[in-house]
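Enquirer: after the sequence you'll find the predicted model.
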Amino acid sequence: MILSNLAMACLSYERTRASRLHLVLVVLLYCISSEISSSFAELQRFEHAPKDDGSIRFLVVGDWGRRGFYNQSKVAWQMGRIGEKLDIDFVISTGDNFYGDGLKGVNDLAFLDSFKNIYTAKSLQKQWYSVLGNHDYRGNTEAQLSPALRKIDSRWLCLRSFIVNAAEIAEFFFVDTTPFATKYITDKKHQYDWSGVSPHGAYITNLLKDLNVALRKSSAKWKIVIGHHTIRSAGHHGETQELVRHLLPILKAHNVDMYINGHDHCLQHISSLNSPIQYFTSGAGSKAWRGDIKEYNSEAMKFFHDGQGFMSVNLTRSDALIVFYDVLGRILHTWKLNKQLHSAF
């Protein structure tokens, strides 16, 4: 009897031990999965109040970081002049912020030489919302995303993907597009810093999921998505097929009004023929003039400029005014959208 009780006690102990071990394993797996999922967290949100009259005005420039060369300084000067005239609220950068291989670290002088000491106009001392481009991924991406840069220049805000909400007037969805393009993953000529975005499949899946949810919940009058890479383009790089396959269906499903990008070093406007989306390329902040323009549907193509410049956007609850400027500040193209008419697709 005593032996029987002892056996039962031992069996009970082993079961308890196994149960505790199972519990420890569950906790460890949860911690590991939480750590993994934390790098794919829900899109961070920022608030940017519109003007008292309910309008929002901003400039868009991309592919600019060349220490003032290739007319970057001239484009910056015109941005300052137009920015003052429009009384802009902020500036959007569409990526490739620092050539040729991003930043080496938070103390890289390229941040001063290509940004802080170039965009010096009073009107440009506003918040800059920036995404990463493929050239930025060739450097230390964490440095470009670091809050340490904001201590050097408080204007700078660059994250992989995030949302800027301007009351109920507009919501801006910034999307990290470089990890979508498989050619960078297989590129043997350049090194890319994939820390924070691996494994790619899980990163992209979670990003698209978060974007889909955010767009579905948005009640803003204007929904604007910003990424570095093109979806529609007649420029040198052409269309990014991975974005056409994976990102574009989400934009169409939620009646996004504008997709704004850089990557192609030009200024460009293409209208979707089967949705409200207007595709705007502003990637002419410095080096441009590639000269290899592809043929494009003449009905969809509204404007193309193979040269340097930038664009401005003026939003109200009912209307949007988009203007493209060249390196001399001359108006090249103007497009007006009425929200009621624009939504009638």
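Expert: Right, received. Where do you want to start?
Enquirer: distance of His228 relative to Ile92?
Expert: 11 Å (CB to CB, to the nearest Å). Yep, even glycine has a C-beta here, placed from its N, CA and C like the rest.
Enquirer: again with Asp113
Expert: When distances are taken as CB to CB, Asp113 and Ile92 turn out to be 21 Å apart.
Enquirer: and what of Thr177?
Expert: Distance of Thr177 to Ile92, computed by CB to CB: 14 Å.
Enquirer: and for the nearest residue to Ala49 once chain neighbours are set aside, the neighbour number?
Expert: Closest residue to Ala49 apart from its sequence neighbours, by CB to CB, 6 or more residues apart in numbering: Ala167 at 6.6 Å. The tally of other residues near Ala167 (other CB atoms under 10 Å) stands at 15.
Enquirer: equivalent analysis for Glu242, please.
Expert: Here the neighbour count serves as a burial measure; for Glu242 (other CB under 10 Å) it reads 16.
Enquirer: how far is stretch 102-109 from where the chain is centred?
Expert: Here the centre of mass of C-alpha atoms in stretch 102-109, compared against the chain's by CA atoms, centre = their mean, to the nearest Å, lies 20 Å away.
Enquirer: hang on, isn't Ser282 packed against Gly262?
Expert: Yes - under the criterion of CB atoms under 8 Å, Ser282 is in contact with Gly262, at a separation of 6.3 Å.
Enquirer: and for the two, which residues touch both?
Expert: Gly62, Thr94 (CB atoms under 8 Å, 6 or more residues apart in numbering).
Enquirer: re earlier: need the pLDDT of the residue nearest to Ala49.
Expert: Ala167 carries a pLDDT score of 93 in this model.
Enquirer: just for the stretch 101-250 of the chain, where's the confidence low?
Expert: For the stretch 101-250 of the chain, no stretch is flagged by pLDDT under 70.
Enquirer: where do the strands sit along it?
Expert: Assignment of strands within the stretch 101-250 of the chain using DSSP state E, counting those that start in this stretch yields the ranges 127-130, 156-158, 162-166, 170-175, 222-227.
Enquirer: how's the chain carved up into domains?
Expert: 1-38, 41-342 (automatic domain parsing).
Enquirer: most packed of those?
Expert: Of all the domains of the chain, domain 41-342 has the most neighbours on average by mean count of other CB atoms under 10 Å, namely a mean of 19.
Enquirer: so who does Phe174 touch?
Expert: Listed by CB under 8 Å, 6+ apart, the contact set of Phe174 reads Tyr129, Val131, Leu159, Ser161, Phe162, Ile163, Val164, Val225, Ile226, Gly227.
Enquirer: hmm, try it at 6 Å
Expert: Shown in contact with Phe174 (CB atoms under 6 Å, 6 or more residues apart in numbering): Val131, Ser161, Phe162, Ile226.
Enquirer: report the separation between it and Phe46.
Expert: In terms of CB to CB, Phe174 sits 10 Å off from Phe46.
Enquirer: list every C-alpha atom in stretch 247-257, with coordinates, as PDB.
Expert: Extracted C-alpha coordinates of stretch 247-257, given in PDB (Å, rounded to 0.1, in the frame of the first residue of the first chain):
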ATOM      1  CA  LEU A 247      -0.900  47.200 -53.000                       C
ATOM      2  CA  LEU A 248      -3.000  48.600 -55.800                       C
ATOM      3  CA  PRO A 249      -6.100  46.300 -55.100                       C
ATOM      4  CA  ILE A 250      -6.200  47.600 -51.500                       C
ATOM      5  CA  LEU A 251      -6.100  51.200 -52.800                       C
ATOM      6  CA  LYS A 252      -8.900  50.600 -55.200                       C
ATOM      7  CA  ALA A 253     -11.000  48.700 -52.700                       C
ATOM      8  CA  HIS A 254     -11.000  51.700 -50.300                       C
ATOM      9  CA  ASN A 255     -11.400  54.500 -52.900                       C
ATOM     10  CA  VAL A 256      -8.000  56.100 -52.300                       C
ATOM     11  CA  ASP A 257      -7.800  59.500 -54.000                       C
END
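Enquirer: starting at the chain centroid, how far to it?
Expert: Between the centre of stretch 247-257 and the centre of its host chain there is 15 Å, according to CA atoms, centre = their mean.
Enquirer: identify the residues contacting it?
Expert: Asn212, Leu215, Trp222, Lys223, Val225, Ile231, Ser275, Pro276, Ile277.
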